[in-house]
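Colleague: Build the 3D model from these lines:
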Amino acid sequence: MTATAPASPAPAALLDPDEAARYASWFACLAEPMRVRLLHAVAARPGTAGVGELADDLGIRQPTVSHHLRKLAEVGFVTLTREGTSTRVGINPACCTGLPHAADAVMGLLASRPCCPTDLPEDVSVRAMDDADLDAVRAIYAEGIATGDATFETEAPDTAALARKWLPGHRWVAEIDGEIAGWAAAAPTSSRPAYAGVAETSVYVAQSARGRGVGKALLHKQVTAADTGDLWTLQTSIFPENKPSLALHHSAGFRTVGLRERIACHHGKWRDTVLLERRRDDTACAEASGGCRP
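Modeller: Numbering: from 1, shown residues only. Model prediction:
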């Protein structure tokens, strides 16, 4: 994912007091290093664990484990279930998966849930991509691949493969003075009807046009077209090193789902990716999803 750094965002709305209190309790609980190690020990085990097992794992006394477990349970990180005379400890997924969101919210990346980038550049126009654009699009894709921080691909697919991959109504090019300066596209994530409105997105900017707001203009078009069209969830994976792209996507309302560690090998090195998603607000799903609401 290659994109340009966005302009400084407008001040975000302050956190709701109840949300702030909940996040503070989470962070305070994890201020004790042994408690962090204990939480990790529980999460790393398949199923549940006994207090004695955890004490052996960490090399500490059972009363110390019990004390920390009570603190973790109070804020909802773990569940404690009695089985006869013993207690089984398990992870509470609903709480733990909220941690990346909490960190983003506290750091001001999500508090205002922006719709899309603002302050769009006046000299950048965005239009629907057509097949005549694919050679230029492929060349820009190759420039992104060459940076080493855009994709796991090592060479750009041919134009026919690109045309087959992307959703016809969700592919765009940006132009500056009549020249293609970048592109954005969405690809389906699954052939199953329930996921018809979920798409994987990409944004690439030509090397010569970086820093001019091209990525911002493309992402604005991409998310607004999704909101008014047939897509209810956009998702993307970005290398942690690609901070401009992370910031740009946060400005468009994407939230961090989590860090996928060592997800794939790239040029002989294991790489992590940050998984982000953006969900359309207050709209009904397509009929295929059973009429539920995002």
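
Colleague: How are the helices of the stretch 1-150 of the chain distributed by residue range?
Modeller: Taking DSSP state H, counting those that start in this stretch, the helices of the stretch 1-150 of the chain run over residues 17-29, 33-44, 51-58, 62-74, 93-96, 99-106, 134-147.

Colleague: Let me have those in a markdown table, extended by distance to residue 81.
Modeller: Placement of C-beta: from N, CA and C, glycine included. As requested, those are exported to a markdown table (distance: least, CB to CB, whole Å):
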| stretch | distance to residue 81 |
| --- | --- |
| helix 17-29 | 20 |
| helix 33-44 | 12 |
| helix 51-58 | 12 |
| helix 62-74 | 10 |
| helix 93-96 | 15 |
| helix 99-106 | 22 |
| helix 134-147 | 49 |
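
Colleague: For those, which has the smallest mean pLDDT value?
Modeller: Least confidently modelled of the helices of the stretch 1-150 of the chain is helix 93-96, at a mean of 62 by mean pLDDT.

Colleague: what ranges of the stretch 151-294 of the chain fall below the confidence cut-off?
Modeller: 282-294 (pLDDT under 70).

Colleague: all helices of it, in order?
Modeller: According to DSSP H, counting those that start in this stretch, the helices that the stretch 151-294 of the chain contains are 159-165, 214-228, 243-251.

Colleague: out of the ones you listed, which comes closest to residue 123?
Modeller: helix 214-228 (9.6 Å; CB to CB).

Colleague: Measure how that closest one sits relative to helix 243-251, angle-wise.
Modeller: Counting by axes from the mean of the first three to the mean of the last three CA atoms, to 10 degrees, helix 214-228 lies at 30 degrees to helix 243-251.

Colleague: quick one: buried residues of helix 214-228?
Modeller: Buried residues in helix 214-228, defined by neighbour count with 16 or more other CB atoms under 10 Å: 214-223, 225-227.

Colleague: possible to save the helices of the stretch 1-150 of the chain as CSV with mean neighbour count?
Modeller: Shown next, in CSV, are these (neighbours: other CB atoms under 10 Å):
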stretch, mean neighbour count
helix 17-29, 14
helix 33-44, 16
helix 51-58, 16
helix 62-74, 16
helix 93-96, 13
helix 99-106, 18
helix 134-147, 18
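
Colleague: so which of those helices gets nearest residue 170?
Modeller: That would be helix 134-147 among these, by CB to CB, at 13.9 Å.

Colleague: who touches the closest one?
Modeller: In this structure, residues lying in contact with helix 134-147 by CB atoms under 8 Å, 6 or more residues apart in numbering are 1-2, 129, 150-151, 153-159, 162-163, 173, 180, 182-183, 204-207.

Colleague: switch to 6 Å and redo it
Modeller: Residues outside helix 134-147 that contact it (CB atoms under 6 Å, 6 or more residues apart in numbering): 2, 150-151, 153, 156, 159, 162, 180, 183, 204, 206-207.

Colleague: Return the residue of the protein that is most distant from the centre.
Modeller: Taking CA atoms, centre = their mean, the residue of the chain most remote from its mean C-alpha position is residue 85, at 42.4 Å.

Colleague: can you list the buried residues of helix 214-228 in a markdown table and add distance to residue 103?
Modeller: As requested, the buried residues of helix 214-228 are exported to a markdown table (distance: CB to CB, whole Å):
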| residue | distance to residue 103 |
| --- | --- |
| 214 | 29 |
| 215 | 24 |
| 216 | 24 |
| 217 | 29 |
| 218 | 27 |
| 219 | 22 |
| 220 | 26 |
| 221 | 29 |
| 222 | 25 |
| 223 | 22 |
| 225 | 30 |
| 226 | 25 |
| 227 | 26 |
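
Colleague: could you flag which of the contacts of helix 134-147 are buried?
Modeller: Those of the contacts of helix 134-147 that meet the buried threshold are 2, 150-151, 156, 162, 180, 183, 204, 206, by 16+ other CB under 10 Å.

Colleague: what's the most distant pair in the residues you listed?
Modeller: 151 and 180 (18.8 Å).

Colleague: can you list the domains in this structure?
Modeller: 17-107, 124-279 (the TED database).

Colleague: So what's the gap between the longest one and the chain middle?
Modeller: When you say that, I think you mean domain 124-279. Computed by CA atoms, centre = their mean, to the nearest Å, the chain-centroid distance of domain 124-279 equals 13 Å.

Colleague: Closest to residue 192 out of the contacts of helix 134-147?
Modeller: residue 162 (23.1 Å).

Colleague: what's the closest one in contact with, if anything?
Modeller: residue 134.

Colleague: State the distance from it to residue 145.
Modeller: Counting by CB to CB, to the nearest Å, the gap from residue 162 to residue 145 is 13 Å.
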